[in-house]
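**Student:** pasting the sequence and the predicted coordinates here, then a few questions.
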Amino acid sequence: MSTLVRAVLWLLWCGAMAWLWNVGAMGAGLAMASAALGLAVFAWPAGTVRRRRTRELRYVEIR
């Protein structure tokens, strides 16, 4: 999932939590905890994806 998609999903999640807080369906603490959970689920970079530490090019021979 790209960074932009993660950010958009997190903003939608936060908007939904803000709406639920606004209509009185949840308290402020639960809304902030839900936003933090959404940050961990949607916006935080995936820990399983490893980035290359070297900047050298890798060539693949195609036959």
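**Tutor:** In hand now; what should we look at? Values in this document were obtained by computation on a predicted structure and should not be read as measured data. Numbers count the residues shown, from 1 in each chain.
**Student:** so for the longest helix seen in the chain, mean pLDDT?
**Tutor:** Selection of the longest helix in the chain by residue count, based on DSSP state H, yields helix 3-22. Model confidence over helix 3-22 averages 86 on the pLDDT scale.
**Student:** moving C-terminal from that helix, which element do we reach first?
**Tutor:** helix 28-38 (DSSP states H and E).
**Student:** for that following helix, C-alpha coordinates in PDB please.
**Tutor:** What follows is helix 28-38, C-alpha atoms only, in PDB (Å, rounded to 0.1, in the frame of the first residue of the first chain):
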ATOM      1  CA  ALA A  28     -13.000  12.300  23.800                       C
ATOM      2  CA  GLY A  29     -10.500   9.700  25.200                       C
ATOM      3  CA  LEU A  30     -11.900   6.900  23.200                       C
ATOM      4  CA  ALA A  31     -11.900   9.100  20.000                       C
ATOM      5  CA  MET A  32      -8.200  10.000  20.600                       C
ATOM      6  CA  ALA A  33      -7.300   6.300  21.300                       C
ATOM      7  CA  SER A  34      -9.100   5.300  18.100                       C
ATOM      8  CA  ALA A  35      -7.200   7.900  16.100                       C
ATOM      9  CA  ALA A  36      -3.900   6.500  17.600                       C
ATOM     10  CA  LEU A  37      -5.000   3.000  16.700                       C
ATOM     11  CA  GLY A  38      -5.800   4.200  13.200                       C
END
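**Student:** pull out the buried residues from that helix.
**Tutor:** Ala31, Ser34, Ala35, Gly38 (16 or more other CB atoms under 10 Å). All C-beta spots, glycine's among them, are computed from the backbone N, C-alpha and C.
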